[in-house]
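> Everything below, folded, please.
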Amino acid sequence: MKDIFDDFLLDSSSDDLDALYAKNERDRYRDGGTRLERKKARLDKRSTKVQAKIEKKASNKAGKQATKALKKAAVNTMPGTTKLEKKLNYAGAKATARKLKRKEDRADRKEARGDRRDARKTKRAARAEAKNPTPVSVSRKLTAPKSGAPKINAPKRNEIKTVKETNFKAAFAAARKAQGPNGTFKFNGKKYTTKRKDD
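Numbers count the residues shown, from 1 in each chain. Below is the predicted model of the structure:
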């Protein structure tokens, strides 16, 4: 019994499943099974396409006939004694309607362009404002005191002021002059003090 089982395991004809599968496929090809199946699938696909084309053609034809009937009815309602006059009046009315539609479309496009332009301007202005905020003016108010000598209301020492200068050196000098050594100021959106190393 053991020898028979060993022979079965070593036998390539029953052990090699790939070979069996390939042989089965060859037999099917020889009988025309697979080819016939593929041909049938192709024919089914082609017939579906042909059917769809026929249906599309029929719907297009029906649509054209409906359009023709509508046009004929519209021509008959036009003023005129002869058929030619009616057709000419219909064509003129159609051309006038087309011109009006084009004019309206142009006006709509122009309005849309204006809206887009305004939106871009607003966006640009907002971006510019975010980059360079409007500086706080360092103006001094003169107010008459209730009694005694006139008093000048100077800005507080630690008050943050935004100084608009082209470079940092000039901004620092202007802020130090206005606030003294213990003040703070903003430059390009960042906060700085007016202290120097030697203070």
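
> So which elements touch the host helix or strand of Thr48?
Secondary structure from DSSP states H and E places Thr48 in helix 33-77. Secondary-structure packing of helix 33-77 (3 or more Cβ pairs under 8 Å, 6 or more residues apart in numbering; DSSP states H and E): helix 17-31, helix 83-131. Yep, even glycine has a C-beta here, placed from its N, CA and C like the rest.

> Now tabulate these in a markdown table and tack on distance to Val75 and mean neighbour count.
Converted to a markdown table, these look like this (distance: least, Cβ to Cβ, whole Å; neighbours: other Cβ atoms under 10 Å):
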| stretch | distance to Val75 | mean neighbour count |
| --- | --- | --- |
| helix 17-31 | 66 | 11 |
| helix 83-131 | 5 | 11 |
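
> do you know which of those lies nearest Thr77?
Thr77 lies closest to helix 83-131 among those, at 8.4 Å (Cβ to Cβ).

> orientation of the closest one relative to helix 33-77 in degrees?
Counting by axes from the mean of the first three to the mean of the last three Cα atoms, to 10 degrees, helix 83-131 points 110 degrees away from the direction of helix 33-77.

> Let's test this: mean pLDDT of helix 83-131, rounded?
Averaged over helix 83-131, pLDDT sits at 90.

> just how off-centre is that helix within its chain?
22 Å (Cα atoms, centre = their mean, to the nearest Å).

> same question, stretch 67-79
Using Cα atoms, centre = their mean, the offset of stretch 67-79 from its chain centre is 43 Å.

> Pull out the buried residues from it.
75, 78 (16 or more other Cβ atoms under 10 Å).

> what's the answer for stretch 182-196, then?
183-187, 192-194.

> Please identify which pair of the residues you listed lies farthest apart.
Gly183 and Phe187 (12.7 Å).

> In a markdown table, list the helices and strands packed on helix 33-77 along with distance to Lys71.
A markdown table is the format used below for the helices and strands packed on helix 33-77 (distance: least, Cβ to Cβ, whole Å):
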| stretch | distance to Lys71 |
| --- | --- |
| helix 17-31 | 60 |
| helix 83-131 | 8 |
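
> Can you say which of those helices is nearest to Ala178?
helix 83-131 (23.6 Å).

> and Lys195, what does it touch?
181-182 (Cβ atoms under 8 Å, 6 or more residues apart in numbering).

> average model confidence for stretch 172-187?
pLDDT averaged over stretch 172-187 gives 87.

> Give the closest residue to Lys87 in space, chain neighbours not counted.
Distances taken as Cβ to Cβ, 6 or more residues apart in numbering put Val75 closest to Lys87, at 5.8 Å, once the chain neighbours are dropped.

> Domain boundaries for the chain, per the record?
Following automatic domain parsing, one finds the domains of the chain at 20-77, 141-193.

> Mean pLDDT lowest where, among these?
With a mean of 70, domain 141-193 has the lowest mean pLDDT of those.

> just to revisit the earlier point, which single one of the buried residues of stretch 182-196 is nearest to Ala97?
Set against Ala97, the nearest of the buried residues of stretch 182-196 by Cβ to Cβ is Lys186 (62.5 Å).

> Lovely, talk soon.
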